[in-house]
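# how would this look folded up:
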Amino acid sequence: MTNDQGQMTNLQERGHLLTEQVNPESLNLDQLGSVELVELFNTEDQNAVAAVAAAKTQLAQAIDITAERLHHGGRLFYIGAGTSGRLGVLDAAECPPTFCTSPELVQGIIAGGAGALVRSSEDLEDRSQDGEGAIAQRHITQLDVVVGITAGGTTPFVHGALNAARRRGATTIFIACVPAQQVPFEADVDIRLLTGPEVLAGSTRLKAGTATKLALNILSTGVMVRLGKVYGNRMVDVAVTNQKLRDRALRILQDLTGLSREASGFLLERSGKWVKLALLMHWTGVGKQEGERLLSQYQGNLRAAVTSHKTQS
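Prediction:
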């Protein structure tokens, strides 16, 4: 038997999977006008939002368990291949500038490494041993959370990684766009985003990718809210690394303190360009060093630090 014949023998039939089925609403896709195309996509994309809403209980559970692990020194890892992997890397990369986290706190792992972000390497998703190796390379422990992302639910790279993470005692979260009865998988949190057949059959970068992006937005932002990275709905841990973010920092200070833009600028500089510390200093009258101590005492939670100071004063 040749290698190709062996691969054909072992090839898994996937046509029954929800993400691989044919969408009856788009059978004439190649005959539609451009406006009709846009209308069809827009109509079908509503299913992505509905799918996330249907998974709200599991997403909330994922937020709570992830925040608890990170609060005790753990890390959050996204792992996937192709579109799923790229979405995980994207969400991880946006955490440091948004929440001033270290790049190590939230990390994205994609089959094929950094090169796969811009060049297709989908064949590497079939190597479960590579997923296991990625977990070993990052020294995953029981404090960490590993989120496996696979639209069709069957990606060996993701399965290998999650199974290896579980053996190390890590918390595992499984995100897929097929029902559990089609692809069962054992994880601490099982999130199913059932977006239905794609407009372009099997192209999971569409509705499945959109729903995944929405879910990851909710997960990471929800975790950061739980970790005290947000005050009200303001990103008070924003990293002031360019003019746009400096402007945002100044507007936050102006809005929450009533200070002029100039005075907000002086306050921001006194705090070492840390909006959260600047607000604490303004509201309590403490100096930079004492403010840093207070924030450290309350694990960076601005509201708790302010409340505690006022209670003790």
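# other residues contacting stretch 26-37?
40, 44, 199-200 (CB atoms under 8 Å, 6 or more residues apart in numbering). Using the backbone N, CA and C atoms, a C-beta is placed for each residue, glycine as well.
# what about residue 170, distance to residue 286?
In this view, residue 170 and residue 286 are 39 Å apart by CB to CB, to the nearest Å.
# tell me which of the two has more neighbours.
Counted by other CB atoms under 10 Å, residue 170 and residue 286 do not tie: residue 170 has more neighbours, with 23 against 18.
# what number of residues lie near the closest residue to that one other than its chain neighbours?
If the residues on either side of it in the chain are set aside, residue 170 comes closest to residue 144, at 4.6 Å by CB to CB, 6 or more residues apart in numbering. Using other CB under 10 Å, the number of residues around residue 144 comes to 24.
# quick check, residue 144 in contact with residue 75.
Yes - the pair residue 144 / residue 75 is scored as a contact, 4.9 Å apart, by CB atoms under 8 Å.
# what's the domain layout of this protein?
Split into domains by automatic domain parsing, the chain comes to 24-226, 243-312.
# which stretch among those comes nearest residue 235?
Comparing the domains of the chain by their distance to residue 235 (CB to CB), the top pick is domain 24-226, with 5.9 Å.
# is residue 239 in a helix, a strand, or coil?
At residue 239, secondary structure determined by DSSP: H, G, I helix; E, B strand; the rest coil is coil.
# list the residues that contact it.
Residue 239 makes contact with 96-98, 100, 245 under the criterion CB under 8 Å, 6+ apart.
# same check on residue 211?
Residues in contact with residue 211 (CB under 8 Å, 6+ apart) are 47-49, 51-52, 177, 193, 195.
# how about the helices in the stretch 1-150 of the chain?
In the stretch 1-150 of the chain, the segments counted as helices under DSSP state H, counting those that start in this stretch are 3-10, 34-54, 56-71, 82-99, 128-137.
# among the contacts of residue 239, which ones are buried?
Buried residues within these, counting neighbours by 16 or more other CB atoms under 10 Å: 96, 98, 100, 245.
# hmm, residue 236 and the third one touching each other?
No - contact status for residue 100 versus residue 236: not in contact, 9.2 Å apart, counting by CB under 8 Å.
# which residues do the two both contact?
What both residue 100 and residue 236 touch, as defined by CB under 8 Å, 6+ apart, is the set residue 229.
# format the helices of the stretch 1-150 of the chain as CSV; extra columns: distance to residue 297.
Formatted as CSV, those follow (distance: least, CB to CB, whole Å):
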stretch, distance to residue 297
helix 3-10, 57
helix 34-54, 36
helix 56-71, 14
helix 82-99, 20
helix 128-137, 34
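# and these, which is most packed in?
Comparing those by mean neighbour count (mean count of other CB atoms under 10 Å), helix 82-99 ranks first with a mean of 21.
# what's the burial count for residue 141?
14.
# how near is the closest residue to it other than its chain neighbours to residue 68?
Ranked by CB to CB, 6+ apart and with sequence neighbours excluded, the top spatial neighbour of residue 141 is residue 168, at 6.3 Å. According to CB to CB, residue 168 and residue 68 sit 18 Å apart.
# quick check: the nearest residue to residue 49 once chain neighbours are set aside vs residue 305, distance?
The spatially closest residue to residue 49, leaving aside those adjacent along the chain, is residue 214, at 7.0 Å (CB to CB, 6+ apart). For residue 214, the distance to residue 305 (CB to CB) stands at 32 Å.
# tell me the SS of residue 244?
Secondary structure, three-state DSSP: residue 244 is helix.
# next, count neighbours for it.
If you count neighbours by other CB under 10 Å, residue 244 ends up with 9.
# one step back: now the residue nearest to residue 49: which helix or strand?
helix 207-226 (DSSP states H and E).
# where does pLDDT dip in the stretch 101-250 of the chain?
121-123 (pLDDT under 70).
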